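Student: Let me see the structure of the following:
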Amino acid sequence: MSKSFLFLSLLVLPMWMQGQQVNSELKEARIFVWGAEIHRSADVSVSPGNNELIFTGLPPDIDPNSIQIKAEGAITILSVGHRHNFLESAQSSQQVKSLSDSLEYLKNEIESLQALLRVYEEEESMLLANKSIGGSDTGVNVAELKTMADFFRSRLREIKNLQLDTKQEITMLKERQSRIQNQLGRINREKKPVSEIVVNAAASSGTRVQFDISYITHQARWQALYDIRAVDTAEPVELLMKASIEQSTGEDWNNIQLTLSTGTPLDNRVVPTLNTWFLRYIEPVAQKPLVIRGMATRQAQAPEMAMDDDIVLDEMVMAGSAAEYTEVSQTNTTREYRIGAPVSVVSGGDEKIIEVRQHELPASFTWYAIPRVDNDAYLIARVSEWEEYIVLPGEAGVFFENAFVGKTMLDPMQAGDTLEISMGIDRGLSLERVRMIEQSRKSIFGRYITETVGWEIKVKNNKNRQVDLEIKDQIPVSTQDNMLIYLDEKSGADHNESTGILTWRLQMDAGESLSRTFRYSVKYPQDKKVRLE
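Tutor: Prediction:
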C-alpha cells in the first residue's frame, strides 16, 4: 500500500508542478473606493513550441474574470487560466518579518538576563558559604566583627535588589514575547493560499517576452481625508486633500506607482444598460460636530486647547509632498489622481496617509454667538468654489492660526454653494447675557397671569480689527390656545415667528462695545405653571 501511495505521489506531483514557474514584479495599482486593479510585469524566456507559464505568488482573492494578459514578443497566447496553489502561502509581509525580528531580539535579551541572574545567585551562595570569620582558636574583636557584618549586610542587600530587578525585567520581556507570539499565531492562522495564473502560449522559436498582467482584488480601498487651514481671517483657506489607503492582499506594495480612482471596478465586464432615472429630493443630514479631546462638542472648541492622545496629526510632508506632483484626470463618471512619487503600503498594516492635492480657496469670515447657550463667539469660515476639490465625503481636520481646532465632516452631496466651517472659539470677543430685573415683572388680572422677562446682551470687540458678528437668541413659542406670547422689544432683531429665534447682524469696529435688549411677555391661566428662564 505504501508503494502504491508513493507511486501515485510521484505521478501527481509532476502534473501539478509542470510548466515554467514565473515570478512577476508589482509595478502599479489603481485603487478604487473599494477594490484595486493591480498591474504586474515579467520578462520570460520561452522555448519553441507550446509553453505553459505559471505566474505564481499572487494574492489569493484575484477576480478570475478581471485577468488580462498582454505580451510583447513573437508569441501567441492560446489560453489563460486561474487556480489556487494550496501548497504555498502568501509571502510574509513586513509586519510578520518585524514581529519575527522582535521575537529573536527578546529571546536574546531574556537569555542574557537569565545568565546575569545566575551570576548574582552564585555570588550570594559564595558570600553565605564564607560568612565565618576568624578561626576556631582565634577570636574576632568587636571592630572587625562590625566591619564584616556591615559588608555582608550591604552586599547581600545589593545582590537581592539586583536579583529582584532582573527578575522583574525578565517577566516584562516574557509578557511582550507572549503578546508577539499570539499576534504571529493569529496572522499565521489567517494565511491563505496563493493564486496562480496559468498561460498557455506558442512560440515559433526561442525568445524573450515581456508580459504585462492585470487583475482586480477586493482587498484594498481608499477614502478621502481633508485638512482645512486658515492662518488669518484676511487670507484664503487652504484645503489639503489626503488619501487613507489600506490593503490586505497578502503582499506588501513596495515603491509602486499609485493611482486613486473615485470609481468602482467592473468585475464582470458586461455591457451596461440604462434604466429609468428617478430623481428624488435628498434628505438633509446633520453635519458631524467638531471632535476635540475625544468627545463631541456643540460645534467647535477653543483653538488654544492642547491635543491629547485621541488627536493624531497625519504625517505632513513639509517639502517634496506628493501633492505637488499629483496628476488629475476626469472621465464622464470618475476622477483619478495619479500620485507623482512611488508609494509603499504594507499588507494588513496601519492605514497609509498620503497627500493628494493642495489648493487655496476664497473664504469670508463671520463671528457667530448664542449667549443663551454660552458666552463664547465662534468664528465661521464660508468657503466658496469648493466643488472642484471636494469630490468624496470625508473627515476633515480644522486648523486656525496654526492650532488644531477639531474635526468635522465634509460631504459634497449635502453641501450647498458655500461650505460653512467652524474655526473654533475666538477669545477676542466677549459676551454677557444679563437679565434686566427692572423690566421683569409678574402681574395677575382676572384668571390670568402675565409674566414679563427682559434680557440685555453686552458685547465687546477686543480685537484690533472690524468684525461682522451674528448673535442669536430666542423667545418661547406657544403650544397652547390659552397661552399668549408677545414680543415687546427686540432692538432691531429679525424675528422668526415660527421658531421664536431673534437674530442681530452687527458690524463692530475695533475696541467697540455695544448692547442689545429684548423683552417678551407670557399670558397664561392662574392654575398653570410655566418656566421662563
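Student: quick one: low-confidence ranges for the stretch 1-150 of the chain?
Tutor: Counting by pLDDT under 70, the ranges of the stretch 1-150 of the chain that qualify are 1-18, 86-95, 130-142, 144-145.
Student: Okay, strands next: where are they in it?
Tutor: For the stretch 1-150 of the chain, applying DSSP state E, counting those that start in this stretch gives strands covering 20-23, 25-31, 34-46, 49-58, 68-72, 76-89.
Student: same question, the stretch 251-400 of the chain
Tutor: For the stretch 251-400 of the chain, the strands defined by DSSP E, counting those that start in this stretch occupy 253-261, 291-292, 295-296, 327-330, 335-338, 343-345, 352-361, 363-369, 377-383, 394-400.
Student: okay, the ones you listed in a markdown table with mean pLDDT, distance to residue 247 and mean neighbour count next?
Tutor: C-beta coordinates here come from the backbone N, C-alpha and C atoms, glycine included. Output for the strands of the stretch 251-400 of the chain, formatted as a markdown table (pLDDT from 0 to 100; distance: least, CB to CB, whole Å; neighbours: other CB atoms under 10 Å):
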| stretch | mean pLDDT | distance to residue 247 | mean neighbour count |
| --- | --- | --- | --- |
| strand 253-261 | 92 | 7 | 19 |
| strand 291-292 | 40 | 27 | 21 |
| strand 295-296 | 32 | 31 | 10 |
| strand 327-330 | 63 | 22 | 12 |
| strand 335-338 | 89 | 17 | 18 |
| strand 343-345 | 92 | 5 | 18 |
| strand 352-361 | 90 | 9 | 18 |
| strand 363-369 | 91 | 36 | 20 |
| strand 377-383 | 89 | 33 | 21 |
| strand 394-400 | 90 | 18 | 21 |
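Student: which one of these lies closest to residue 69?
Tutor: strand 253-261 (19.4 Å; CB to CB).
Student: nearest to residue 356, of the strands of the stretch 1-150 of the chain?
Tutor: Closest of those to residue 356 is strand 25-31, at 11.7 Å (criterion: CB to CB).
Student: Next, the buried residues of that closest one.
Tutor: By neighbour count on 16 or more other CB atoms under 10 Å, the buried set for strand 25-31 is 26, 28, 29, 30, 31.
Student: quick revisit: so which of the strands of the stretch 251-400 of the chain gets nearest residue 504?
Tutor: strand 363-369 (9.5 Å).
Student: Which parts of this protein are helices?
Tutor: With helices called from DSSP state H, the chain shows them at 2-17, 94-129, 142-189.
Student: I'd assumed residue 367 was in contact with residue 233.
Tutor: No: look at residue 233 against residue 367 with CB atoms under 8 Å: they stay out of range, at 9.4 Å.
Student: what touches both of the two?
Tutor: Taking CB atoms under 8 Å, 6 or more residues apart in numbering as the criterion, residue 233 and residue 367 both touch residue 379.
Student: Residue 244 and residue 355 touch, don't they?
Tutor: No: assessed by CB under 8 Å, residue 244 is found out of contact with residue 355, at 11.4 Å.
Student: Identify, by residue count, the longest strand of the protein.
Tutor: If you go by DSSP state E, the chain has its longest strand at strand 207-230.
Student: Name every strand pairing with that one and say which way it goes.
Tutor: Counting by DSSP bridges, the strands paired with strand 207-230 are strand 34-46 (antiparallel), strand 68-72 (antiparallel), strand 237-247 (antiparallel), strand 394-400 (parallel).
Student: wait, which of the ones you listed is closest to residue 128?
Tutor: When these are compared (using CB to CB), the closest one is strand 237-247, at 60.3 Å.
Student: Put the alpha carbons of that closest one into PDB.
Tutor: Output of strand 237-247 as PDB, limited to C-alpha atoms (Å, rounded to 0.1, in the frame of the first residue of the first chain):
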ATOM      1  CA  VAL A 237      -8.500  79.000   3.300                       C
ATOM      2  CA  GLU A 238      -6.000  76.200   2.400                       C
ATOM      3  CA  LEU A 239      -7.600  72.900   1.500                       C
ATOM      4  CA  LEU A 240      -5.500  69.800   1.600                       C
ATOM      5  CA  MET A 241      -6.900  66.600   0.300                       C
ATOM      6  CA  LYS A 242      -5.400  63.400   1.600                       C
ATOM      7  CA  ALA A 243      -6.000  59.700   1.000                       C
ATOM      8  CA  SER A 244      -6.200  57.000   3.600                       C
ATOM      9  CA  ILE A 245      -5.100  53.700   1.900                       C
ATOM     10  CA  GLU A 246      -5.400  50.200   3.200                       C
ATOM     11  CA  GLN A 247      -4.700  46.800   1.600                       C
END
